[in-house]
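Participant: need coordinates for the below:
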Amino acid sequence: MILVSDLAEFAYDFSMKKLNQKTFDYPIVIRRVANDIVFSIPDLGYFKHSPIRAEKLIVESAKTPKSKNTAKPDNCILSEDLLHEAMEQLEKAWLHIDKHLENKKWLPDASTFKQSIQKAEEDYSLPEFAAKLNEFMSVSENTIRREIKRGQIQCYQTEGGHRRIPGSELGHYLEKCKTKRTSEAEA
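Facilitator: Numbering: from 1, shown residues only. I've put the predicted structure just below:
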């Protein structure tokens with residue numbers, strides 16, 4: 001639990017520093033990347049990482065034996081340390097912007113565009129990818145496996161050994177197939 005006195009102390013310490021008002025025009029992006037929280041100022045090329053402690057959940061299924069229960073990170077632990085680290089990183093980011101505005105001759109304008117948070121693109125399992133691809137052309141799962149081995153389709157494997165194919169690969173593969181077929185038709 002964070003005490004109000006801790007926040008007040010942080011605010012008091014920070015209020016003693018003078019900042020240019022233009023400091024707050026630059027967006028600070030806070031997002032999770034892997035097992036870190038990244039504080040960044042894209043306009044100035046500033047990136048700082050802070051580790052996240054995650055709670056491991058044991059996943060039991062009827063198909064996996066008890067000796068092979070997998071643990072996967074699912075919940076982030078919102079601790080006092082994490083919140084204090086976030087406050088410190090935010091302060092450092094503001095101070096970095098302020099120093100940059102004071103000392104550098106190159107002053108980029110603050111970003112004017114706004115972007116909403118978007119859902120990450122969907123990753124398909126091999127059968128799901130085959131079903132999506134079959135909407136456009138007739139391809140078997142074995143053909144997709146061969147294309148993955150050749151490097152024509154990019155994918156990654158989960159801890160359980162299953163292939164996951166990013167949704168963007170669908171368009172890339174269809175474009176590759178279209179160019180192959182047009183070059184074969186010309187020959």
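
Participant: can you give me the domain assignment for the chain?
Facilitator: Listed by automatic domain parsing, the domain ranges of the chain are 4-103, 123-186.

Participant: in a markdown table, list those along with distance to residue 109 and mean neighbour count.
Facilitator: C-beta here means a position set from N, CA and C on the backbone, and glycine is covered the same way. Formatted as a markdown table, the domains of the chain follow (distance: least, Cβ to Cβ, whole Å; neighbours: other Cβ atoms under 10 Å):
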| stretch | distance to residue 109 | mean neighbour count |
| --- | --- | --- |
| domain 4-103 | 8 | 13 |
| domain 123-186 | 31 | 13 |
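
Participant: mean pLDDT for the ones you listed: which is lowest?
Facilitator: Ranked by mean pLDDT, those bottom out at domain 4-103, with a mean of 71.

Participant: tell me where this protein has strands.
Facilitator: Listed in chain order, the strands of the chain (DSSP state E) span 29-33, 36-41, 46-51, 54-59, 70-76, 123-125, 156-157, 163-166.

Participant: and the shortest one, what other elements does it pack with?
Facilitator: For strand 156-157, the contact count by 3 or more Cβ pairs under 8 Å, 6 or more residues apart in numbering; DSSP states H and E identifies strand 163-166 as packing neighbours.
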